[in-house]
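Asker: Pasting the sequence and the predicted coordinates here, then a few questions.
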Amino acid sequence: MKELELTNEEITVAYLLGELPDDEAEEFERRYLEDENLFQRMEEIEDELVDDYVGGALSAGRNAAFENHFLRTAARVEKVEFAQAMSERASLWKKTRETEVDDSIPVIGPHSIDTRQSTVTKPRWREFAAIAAALVFAVTSGALWFRVSNLQRQLEAAKRDEAALRQSESDTRKGAGELQSQLADEQKQSQALEEKINELEKFSTMDPSSRVVYAVQLGIDYLIGDSKGSGPSKVKFVVIPAKTSLIRLAVDFPKSDFQTFKVNLRRDRSTVWTRGGLKARGGRDNQTINLAIPADRIANGDYDLVVSGVNTNGDTESVAHYALKVERKD
Amino acid sequence: MSSRKHVLQGEAFERLLAWLSSNPERAATEYVHLHQRLTKLFAVRGCRNPEDCADEAFNRVARQVIDGKEIRTTNHAAYLEGVARYILREEWARTPTGDVEDLPLERLKSLKTSQTGADEKERQQQCLERCLNQLPADARLLVLEYYSEDKSLKRDIRLRMSQRLGIEQGVLRNRIFKLRNKLRACLIECLGA
């Protein structure tokens, strides 16, 4: 069974990297178009592939296939950017942890100086030498203490996390010995429960009572403050039917030279939904962007929708602004 | 692709949903799932705008339904797959071989040469920190540990972690997948704010 899983995983990776022969790729596509579980697993494997690329774990051949075949859409580049940011953050966390392990050097502070009086008679020069040595030791210790305490402050956050993990592991170990078999059973039950929850989540997304798509067109007439200086702008009234789960919004705006766009949907000056790396399609005068917005992000109220053009340096410039009034029929 | 009407509205959309299922809500679910999968298919097969290509596949079926064509199959996925293959062939004919979308490669180059602005990067790190802190401590540690090893396939890391934590690999992979999606969505929202 494990071999089969591995084979499936390898097939999926080969497919994503364009390495499968055409007939095999078509067969694989037929399977995942009809099989929700296979599609879900492919999504997971795709994310791992991105992580492997960022972590430098791919072979040279696969690295090239990743860059030349896989990395074609803005959405996938966004995944790479995310994995890169996570990887950097995690390696910082790892370094901090390793430093903590090296923390076996005792923390030296002023309190560690031994001030007990010796009862053995010693020559006076020895006493002076001992005092001098103690002073040097105290000064050095003080400096060390400050350095170590500084380091300790940096480690505090990691220690808190570590403590949480230890607590978690400690909780898991509870019930060892006599209760070990009972714990194993509970663990199995917990895993089964988790798998069941995953399944339920899948089914809940498929629950017909929670899935409706609603399409809205946001035409050029609704543009606020367009360059032609036309009359007062209109507010687009959007009435969302009950049980809507996805709003497909087509936004029209005047043609511009930008290659990609970013959209911000704001309410009370706070962003409630945003999407970048969007491509617009267009005719001679206007362009259109298609958005798919989860309906649960939209409540009753007034919204601003801002479309910004993004240049190759990543700078943005607003190209369109719309006002929406939303009413939900839930 | 630019001259096509991409978003189905009104009657066309209703008729498409009716073709998918007599139950409108079930039909909407089916539409969302099939759209996601077709988008994936088009992305892998080199369609420049995978979502648009998926829209186009649905548009063509809707047009056939409106024109009164009787589509006998009950396997909607298979039928749409057939339509998708036509669209792909048109795409390939339109796009010279090897001509991939310029933008992602540009962005990839900028990633590799670290041309991303320092301010933008700092903001991204701040947002990521904020998003990580919103996770429970054990989830945060799990995801940090998973991402902390370079030069090893994540499959191997996952195997080691699952053995140590005493959970199935599949469960761990699914947990990481969800955490990753949660963080990604949080990061996008934070950066957009």
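Answerer: On my side now, so go ahead. Numbers count the residues shown, from 1 in each chain, chains lettered A, B, ... in the order given.

Asker: counting contacts, what elements does the longest helix along chain B pack onto?
Answerer: The residue-count maximum for a helix in chain B (DSSP state H) belongs to helix B:169-192. If you count contacts as 3 or more C-beta pairs under 8 Å, 6 or more residues apart in numbering or on different chains; DSSP states H and E, helix B:169-192 packs onto helix A:36-54, helix A:74-101, helix A:180-206, strand A:270-278, helix B:118-133, helix B:137-147, helix B:154-165. Just so you know, the C-beta spots here come from the backbone N, C-alpha and C atoms, and that holds for glycine as well.

Asker: So which bits of the fourth one are buried?
Answerer: By 16 or more other C-beta atoms under 10 Å in any protein chain shown, the buried positions in strand A:270-278 come out as A:271-278.

Asker: Bridge partners for the closest residue to chain B within chain A, pull those for me.
Answerer: The nearest approach of chain A to chain B comes at residue A:274, 3.0 Å away (C-beta to the nearest C-beta). Per DSSP bridges, residues listed as beta-bridge partners of residue A:274: residue A:264.

Asker: Roughly how far does it sit from residue A:259?
Answerer: According to C-beta to C-beta, to the nearest Å, residue A:274 stands 18 Å off from residue A:259.

Asker: need the contact list for the closest residue to chain A within chain B.
Answerer: Using C-beta to the nearest C-beta, the closest approach of chain B to chain A is made by residue B:192 at 3.0 Å. Going by C-beta atoms under 8 Å, 6 or more residues apart in numbering or on different chains, residue B:192 touches A:262, A:264, A:271, A:274, A:276.

Asker: Of all pairs in the buried residues of strand A:270-278, which one spans the longest distance?
Answerer: Farthest pair in the buried residues of strand A:270-278 (C-beta to C-beta) is A:272 and A:277. Separation: 18.9 Å.

Asker: Local confidence estimate at residue A:247?
Answerer: Residue A:247 carries a pLDDT value of 82.

Asker: how about it, what does it touch?
Answerer: Applying C-beta under 8 Å, 6+ apart, the residues contacting residue A:247 are A:213-216, A:238, A:240, A:291-295, A:298.

Asker: how does it look with 6 Å?
Answerer: A:214, A:293, A:295 (C-beta atoms under 6 Å, 6 or more residues apart in numbering or on different chains).

Asker: again with residue B:39
Answerer: Counting by C-beta under 6 Å, 6+ apart, residue B:39 makes contact with B:50-51, B:54.

Asker: all helices for chain A, in order.
Answerer: Secondary structure of chain A, counting by DSSP H: helices at A:2-16, A:22-34, A:36-54, A:60-65, A:74-101, A:124-173, A:180-206.

Asker: which stretch in the ones you listed is the model least sure about?
Answerer: Ranked by mean pLDDT, the helices of chain A end with helix A:180-206 at the bottom, a mean of 53.

Asker: any idea how far residue B:40 lies from residue B:53?
Answerer: From residue B:40 across to residue B:53, the span is 11 Å (C-beta to C-beta).

Asker: which of those two has more neighbours?
Answerer: Neighbours per residue, other C-beta atoms under 10 Å in any protein chain shown: of residue B:40 and residue B:53, the larger number sits with residue B:53, 25 against 20.

Asker: For that one, give me the pLDDT.
Answerer: Residue-level confidence at residue B:53 comes out at 91, pLDDT.
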